Each structure stands twice: as structure tokens, then as C-alpha cells.
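Chemist: Show me the folded form of this:
(one chain, ligands or ions: 2)
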Amino acid sequence: MYLNSPVEELPLVGPSYARRLNNLGIVSIKDLLYHVPHRYLDFRVSSPVRAAAPEDVLTIRGKVVSIKNQYTRSGRKIQIGEVEDASGKITVVWFNQPFLVRVLFPEAEISLAGKVGFFSGRKALISPEYELIKQGKTSIHTSGLVPIYPETFGLSSKWLRGRIAETLASLGSTIKETLPLKFIKSEGLIPLTDAIHAVHHPASEDEAEKGRQRLAFDELLELQLTSISRKAGWKNNQTGHTLAFEESDVDKFIDSLPFALTASQQSAVEEILGDLTRAWPMNRLLEGDVGSGKTVVAAIAAFVCFINGLQTAVMAPTQILAQQHYETLQRIFKPFKLRVALITSGLVKKDLGRTDIFVGTHALLNKKGLFENVGLVVIDEQHRFGVEQRALLVKQVGKKKLMPHILTMTATPIPRTVALTLYGDLDLSVLKELPGGRQKITTWIVPPAKRPKAMTWVKDEILKDKVQAFLICPLIEESDKETMQSVKAAAKEYAEQKKIFSELSFGLIHGKLSGKDKDRVMSDFRKGKIDVLVATPVVEVGIDVANATIMLIEGSERFGLAQLHQLRGRVGRGEKKSYCLIFSDSAAPRVLTRLAALEKGISGFELAELDLSLRGPGEVFGTRQHGFPELKIASWQDTELIQKAKRVAQMLSDKGFVLATKASMV
Ligand code: ADP
Ligand code: MG
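Modeler: Numbers count the residues shown, from 1 in each chain. Ligands and ions are numbered 1, 2, ... in the order given. Down below sits the predicted model:
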């Protein structure tokens, strides 16, 4: 039996336990040792029976005097026992564990740990942890800091504790250190063996945390090293189009725009154009709040491609957004005679040969033969950045051809820690500010009681100022794709609101509409024929309608703050004063306080960081399906550790050090 052996080789682990362990991601014996507790019960205080006082949490050692099952009136079984030590006797009660009368038989020496309370008016230990005292064995369930592990159906912490303790006793000494001693010292970490012992059997909370930190560091280091090698692999294995241009030509184009670039647009452009002149293809993420002006940055890169006689492919998540990009690009490139085309299913391939820029949905990535003369691929509003798409593109382009440069754009504010850990292989440009002159969107959190009044205000505003509104329905399921359920909810909302506000005209848009119907609704909205557009939350990120100045969001407590911020960004695009009304179905102070952050006018990035600290990464990005792996041991809040791991990974890979990771050790 070795650390790398499957868990089936452990004593007492048969096929069914092995399956349950697998459910927790535990396949090898080593995985079991890396199964880190998420908390500990504190049984460090032991006490003679007589000194036990109500509310105490403590350990008692003694002899079973009696134990029996008793039926309650509701037909449930409780177990009532009496345990005695030199100082006296105490009652012990358990619920629904009838087998205990066989395990804890009279005269057995046992150790109990739990909370003292009352039972039938008498002082009693209620549902304590228990174990038989065995000569020469330390108790692992009832003394000291007792680990509680992530559990699964049919697999309790108690069972895990037993297996882990045995495994540590038999194989603990074969664990090999994976890090150079130098780094353990310089980074203030503890050796691996100590760390594994510390998380399972800590002498103090401090020791447990030191152990966790070391194991978390290893996890993060592995992620970082993967990023670094992926980045190196891209750079070394792909040949790109090395582009050349005269700065004056690019300046001419930039000067033709109806506005001056913001400072971060300028630096993003510099970074991107720098990438385009290299021998390996760009792989960059352009991150910027809704309205920060990402499109024009991409357009400048496309212009450089054009100068070099190459095409640019622009991909948007939906046909409507593709249409919008197409119109924007056509407008700004008109003076320069660039040919822009919108790809719909009708367009045949030969037409593409005569365009400089073609725009379509992400589905273009699945088409072969489109990329032959493409120098730049722009992927807009993508949630899963990078790896999969690059793999697809590599497949479509083929090994022998040059690889286009890739620019991925997102309005998802990715907190620094997450970017560092997961997107270490992408270069990152961030648009930090919004173009000047954009006004703040006045935001109100509307609790249930104030809702009718708020809706009347909205109606008056629409009728008085001839403005338009979006009404976003609540998030029904945690899903990237729109489900039938959200469509139904939106349709219902649409019907209800239409009835209440008969003076207004309503429109409904969701992903299940045909392309033609969507176009019609969007075009009606743009033309002002629709006052209120009811939409599902996943549909149409980034829509630009200047006359839409009111954003209404239903069931806001189900959204992350950053997500709400993104939705809100769909208004405030024109001259007129804009508003966002955030409706909550809950009046709970905790909910309203969290949402109130949106009234303060802080940036999407700050909101994302706030969400990360309040709720964790799943919520920041709204859904769990965005391809963010769950960290097993480390947490996204381990900011310092993440930076440490990045630094060490860089040093290690600079030295050509190949890490004996958890996967390769022993
Ligand atoms: P997003 O980053 O959300 O994709 P867009 O690229 O759609 O933002 O830009 C939003 C709006 O801001 C567009 O109407 C665009 O023309 C305008 N815009 C972009 N850059 C600037 C700038 N530097 N100054 C003023 N307006 C700008
Ligand atoms: Mg955009």
C-alpha cells in the first residue's frame, strides 16, 4: 500500500465506501490525506462528571452504567444512558441512534464529548460524540480539536477521522516534501508532513491554520505552474502574424473618431499593438466595465490588421449584439473604406473573401476554413475565457497555418486574486475609467412595500419624458444558458405588467425567440415603439439604446452585485438622466444592506471584490457555470497566499524547476 494506491486498498474500505469517497473527489490514499477539515470541534477541556455545568462543552471519561432505547410519543427512538466516573454520575442522551445500545454496552470504558444541557429536568450530556477507550490508543473523536470534514451521503466525519488517523499512522512517514527547503523558509510555510498532521490533529487553531495555509499554497502553486506552462506552450508552439504599421496611419484612424481615447484605452491600445508586432500570437483579455469603450479598442487592432492585408473576425454572444457591432464598425470604418460584413447563416463563404472584417456569433468558432486569412479574432462578452476557445481555434486553423491573434473582451469585473490565479496565462489589459461626460446612474433599492409607488413613478417618467425602460426578470436558475423556466417567468411578468400599466406599450425578449422575432422586438425598441422591454437576465448583454434611461431589476437578491452593476450599465448611455430601480422580494436588512452598495456609485471592480468577500466567487460571476474551478483547500480570500504562489511559481519555472506536485509525489 502506497500513497498513490487507490482508496480501495485501505482496510475497511470496500467498493461502496470507495464510491462515496470518489464522490468527494478522493480517489487515492493521498487524496484522503489532503481532505482538509472545514472546521474543528473544540474538546480541549475535560472535566470530572460532577463539575460539568450546563452550556459547558467538554470531554468526560467514565464507565457506562446503563443504556437503553426509549420510544417517544411520536414513535422516535431516543437512547438514554448513565455514565459514571470517580466524581459521580451523569445522564447522556442521543436521538435516533438505536445501535448505540450495542456499541456502548454497560461496563464499557468510554470517552464522551459534547455540550451539557438538560433532559427531563436533569443535567445531561446531549448527543455527545463518543468512543470506546482502547488501551494504547489516543482518542480522536472526543478530545482536543476534533476535525469536521466535508462530508457526503453515507460518509460521516467520524468515519473519515478513523480512516485518516489510521492512514497517517501507517503511511505518514512516507510523505515526501515537494518544495525546496529554501522556499519553505522564505515564504514562512511549514513542511508538508507537519502540515498534513496539523490539519488533521492540530494542537491549536493556529497550528491548524498554518497547516491549511501550506496545503493551500501547494494547490495554488500547481494552478500557477499550469498557467505558466500553458502560456509558454502558446508562445513556443504557435506562430502568429507579425504585423507592421506606421504609427501615423493608426493615429489618422484614431483622430477620425468622434472622441478622444481615455487614458486606459490608450494604454490598452499600446499593449495590444505591441502584441501584434510579435512573432507569437496575442492572447489577451481586455476587461472593462460596461460602457468603458472596449469596442473601439478592438477596432483599432482590426485596423492594424487591415493595413497588413488581413481580416478580423469579431464574435458576439448573440445575433443582436453581432448586429450592433456590425453597425458600429461599419460606421467608424466608413471613411477608410473597410468592408464590414455580418455573417448570418445565409452568407456563403465566397463573400467573405471580399470583406475586411466579419462579425458573427461565437458559433463562428465551430466553422472550418473561415480563418485562413484572419489575423485577429475578437471575442466579445465571453464568460469562459481562453482555454476551450483557443483549443477550438487551433483545431479550425490547423497546425500548418499561422495562428490569429486573440483578443477576448469582458465586462465581468474579475477580482485581482481570481485573475492572478485562473487567468495567469492571459495577458490582461484593463479599462479602468468610463469615458468622461457619462453621468452617474441614480440607483434606488426598492423594498417590497415601496414597489407600487416606485412603479407609478416609472410610468409617469416614461409618459412625461418619452423615455424607455428595461425590466429584467429574476434569475430563476443558476445557469449560463437560458432555461424554459426563465422564459416562462419573463412571459408571465410581461403579461402582468401589461395589464397593470395599460397606458404603456410593452415588449418581450428572450433567448427562445427566433432570430427574426428578436430583431423585430429590438428594432421596435430602438425606434421607440416599445416603452418597456421585459427581458430575461441572460439575454443581450451590452445593448446600446440611448433613449432607454430606466433599468428595473426584479428579484435582485438573487444576483451578485457585480452582475446587477452590469445590468444597470445598459442605461445611462445617452445625454438624459438615467435611473436604476432595484426591486427586492426580501425586506431583510442583511439583503438590503448588501444591495445598498449599489447606491454608492462604486466601480464594478470594487463591487466584485465586495461580493467576493461577502459571498464567494460563484456569486460574483452570478452563476457557477462560468468555468471557475472550485478551490479545494485555498480560498479566493487568500489574497496574500495567491500572490506568494504566483511569485514562487515564476521563480521556480525561471529556474526550470519541475515541481513534484501532489499528483506526482511518491
Ligand atoms: P463596452 O465596453 O461596454 O463594450 P462600448 O464599446 O459599447 O462599451 O462603448 C460604449 C459607448 O461609449 C459607445 O457609444 C462608444 O462610442 C462610446 N465611447 C467609447 N470610447 C469613448 C471615449 N473615449 N469617449 C467618449 N465616448 C466613448
Ligand atoms: Mg461591448
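
Chemist: how about the residue in the stretch 101-250 of the chain that ligand 1 sits nearest to, secondary structure?
Modeler: Across the stretch 101-250 of the chain, no residue is closer to ligand 1 than V250, which sits at 15.6 Å (C-beta to the nearest ligand atom). (Glycine included, C-beta is placed from N, CA and C.) Following DSSP: H, G, I helix; E, B strand; the rest coil, V250 is assigned to helix.

Chemist: Check what pLDDT the closest residue to ligand 1 within the stretch 251-400 of the chain gets.
Modeler: Nearest residue of the stretch 251-400 of the chain to ligand 1, counting by C-beta to the nearest ligand atom: G293, 2.8 Å away. The model reports G293 with a pLDDT of 92.

Chemist: Neighbours of it, how many?
Modeler: Counted with other C-beta atoms under 10 Å, the neighbours of G293 add up to 20.

Chemist: residues contacting it?
Modeler: L261, T262, Q265, L431, L434, P435 (C-beta atoms under 8 Å, 6 or more residues apart in numbering).

Chemist: and the second one, what pLDDT?
Modeler: By that I understand T262. 94.

Chemist: Need phi/psi at it.
Modeler: phi -70, psi 170 (degrees, to the nearest 10).

Chemist: pretty sure it contacts V297?
Modeler: No. Taking contacts as C-beta atoms under 8 Å, T262 lies outside contact range of V297: 9.9 Å.

Chemist: Any chance you could list residues touching both of those two?
Modeler: Joint contacts of T262 and V297 (C-beta under 8 Å, 6+ apart) are L431.

Chemist: Who has more neighbours out of these two?
Modeler: Set T262 next to V297 and count neighbours by other C-beta under 10 Å: V297 wins out with 26 against 20.

Chemist: so the more buried one sits in a helix?
Modeler: Yes. Membership of V297 in a helix is supported by three-state DSSP.

Chemist: coming back round to it: any of the contacts of G293 buried? List them.
Modeler: L261, T262, Q265, L431, L434 (16 or more other C-beta atoms under 10 Å).

Chemist: what's the most distant pair in those?
Modeler: L261 and L434 (12.6 Å; C-beta to C-beta).

Chemist: low-confidence ranges in the stretch 501-650 of the chain?
Modeler: For the stretch 501-650 of the chain, the stretches with pLDDT under 70 are 538-542, 615-630.

Chemist: where exactly do the helices run in it?
Modeler: 515-526, 561-568, 589-596, 604-615, 617-620, 639-654 (DSSP state H, counting those that start in this stretch).

Chemist: longest strand of the chain?
Modeler: Determined from DSSP state E, the single longest strand within the chain is strand 57-71.

Chemist: For the stretch 351-500 of the chain, which residue gets nearest to ligand 1?
Modeler: Counting by C-beta to the nearest ligand atom, the stretch 351-500 of the chain gets nearest ligand 1 through P435, at 3.1 Å.

Chemist: Correct me if wrong: that residue contacts S292.
Modeler: Yes. At 7.5 Å, P435 counts as touching S292 under the criterion of C-beta under 8 Å.

Chemist: Identify the contacts common to these two.
Modeler: Shared contacts of P435 and S292 (C-beta under 8 Å, 6+ apart): T262.

Chemist: Could you give the separation of the longest helix seen in the chain from the chain centroid?
Modeler: Secondary structure of the chain per DSSP state H: the longest helix is helix 205-237. Mean-position distance between helix 205-237 and its chain equals 18 Å (C-alpha atoms, centre = their mean, to the nearest Å).

Chemist: Report all helices and strands that that helix contacts.
Modeler: Other helices and strands packing on helix 205-237, by 3 or more C-beta pairs under 8 Å, 6 or more residues apart in numbering; DSSP states H and E, are helix 192-200, helix 416-422, helix 639-654.

Chemist: buried ones in the first one?
Modeler: Residues of helix 192-200 classed as buried by neighbour count (16+ other C-beta under 10 Å): L192, D194, A195, I196, H197, A198, V199, H200.

Chemist: Equivalent analysis for stretch 175-194, please.
Modeler: I175, T178, L179, F183, I184, E187, L189, I190, P191, L192, D194.

Chemist: Could you give the bridge partners of the closest residue to D85 other than its chain neighbours?
Modeler: Nearest non-adjacent residue to D85, counting by C-beta to C-beta, 6 or more residues apart in numbering: G62, 3.7 Å away. Counting by DSSP bridges, G62 is bridged to I110.

Chemist: residues contacting G62?
Modeler: By C-beta under 8 Å, 6+ apart, the contact set of G62 is V49, V83, E84, D85, I90, E109, I110, L112.

Chemist: From Q97, how far off is the last one?
Modeler: L112 is 13 Å from Q97, where distance means C-beta to C-beta, to the nearest Å.

Chemist: Compare these two (neighbour count), which wins?
Modeler: Comparing L112 with Q97 by other C-beta under 10 Å, the one with more neighbours is L112, at 24 against 15.

Chemist: list the contacts for that one?
Modeler: T59, I60, R61, G62, V83, V92, L125, P128, E129, Y130, T142.
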